[in-house]
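1. model this:
(chains A and B)
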Amino acid sequence: GAGVSQSPSNKVTEKGKDVELRCDPISGHTALYWYRQSLGQGLEFLIYFQGNSAPDKSGLPSDRFSAERTGGSVSTLTIQRTQQEDSAVYLCASSLGTRLSYEQYFGPGTRLTVT
Amino acid sequence: ELKVEQNPLFLSMQEGKNYTIYCNYSTTSDRLYWYRQDPGKSLESLFVLLSNGAVKQEGRLMASLDTKARLSTLHITAAVHDLSATYFCAVDTGTASKLTFGTGTRLQVTL
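-> The predicted structure follows:
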């Protein structure tokens, strides 16, 4: 079956611009996660959705970052007024979110470069 | 705050040799995951370890979990070049929430 998909695969933007990153989870997966991978910080959690609600936003690094999920499916991560330190690979993952299956399946990522 | 440490950070080994990657974590958890990442690629799930004493094997890789010691190991047997990648362990807090990742171990298997 189809895995987690993300778009765009690469995004180059100028400092100060806003960007939107999209994630399509595996069909039927109620839990969705955003992570960021950068050379200096490794793999960091950003936000977790269960359905359309976000019970854990603790990893969002600043109020320039926001995310939403609609219809219990697609999620969008928005970064406003991008800074060079936002350059990273943004990974989305999804899981069934049940006691028997918390395993997270990752998408291919979006490589964001802020110039 | 949950901390996850892996060692070594970098491992160069010859084909045919055995080695072990270690993953220590700082708070109670009974779910640990191992992922593989090839350069420029995403994370591929290798093992899910769900209880104390769990052991799983796939090909030349074997993972185990000791929740009392807060330690997981990934053992490589008779390494081959195709195993060259970065390996991450990750721990969750038990409520379908975030994964906390280790620093990763970059494995290079030389011919």
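2. alpha carbons only for contacts and neighbour counts from here, please
-> OK.
3. looking at this, residue A:85 is in a helix?
-> Yes: counting by DSSP: H, G, I helix; E, B strand; the rest coil, residue A:85 is found in a helix.
4. Tell me how far it lies from chain B.
-> Using CA to the nearest CA, to the nearest Å, we find residue A:85 at a distance of 19 Å from chain B.
5. Kindly tell me how buried that residue is, as a neighbour count.
-> 12 (other CA atoms under 10 Å in any protein chain shown).
6. Over to residue B:66?
-> Residue B:66 has 17 neighbours, counted by other CA under 10 Å.
7. residues touching it, list them.
-> Counting by CA atoms under 8 Å, 6 or more residues apart in numbering or on different chains, residue B:66 makes contact with B:52-54, B:72.
8. Which members of those residues are classed as buried?
-> Buried members of the contacts of residue B:66, scored by 16 or more other CA atoms under 10 Å in any protein chain shown, are B:52, B:54, B:72.
9. Okay, now the unreliable bits of chain A?
-> Within chain A, the stretches with pLDDT under 70 are A:1, A:99-101.
10. try it again with 80
-> Counting by pLDDT under 80, chain A contains low-confidence ranges at A:1, A:40, A:97-102.
11. from it, which residue is nearest to chain B?
-> residue A:108 (4.8 Å; CA to the nearest CA).
12. Let me know how buried residue 77 is, in neighbour terms.
-> All of this is about chain A. By the criterion of other CA under 10 Å, residue A:77 has 20 neighbours.
13. nope, chain B
-> 16.
14. Could you check how far it is from residue B:53?
-> Distance check for residue B:77 against residue B:53: by CA to CA, to the nearest Å, it reads 20 Å.
15. What helix or strand is residue 22 located in?
-> Picking chain A for this. Using DSSP states H and E, residue A:22 sits within strand A:19-24.
16. Not quite, go with chain B.
-> Using DSSP H and E, residue B:22 sits within strand B:19-25.
17. mind listing what the following helix or strand past that strand pairs with, with the direction of each?
-> Next along the chain after strand B:19-25, taking DSSP H and E as the criterion, comes strand B:32-37. Using DSSP bridges, strand B:32-37 pairs in its sheet with strand B:43-49 (antiparallel), strand B:85-92 (antiparallel).
18. Just list whatever residues bridge to residue 12.
-> Because you didn't say which chain, this covers chain A. Beta-bridge pairing for residue A:12 (DSSP bridges): residue A:113.
19. think we crossed wires, I meant chain B
-> Residue B:12 has these beta-bridge partners by DSSP bridges: residue B:108.
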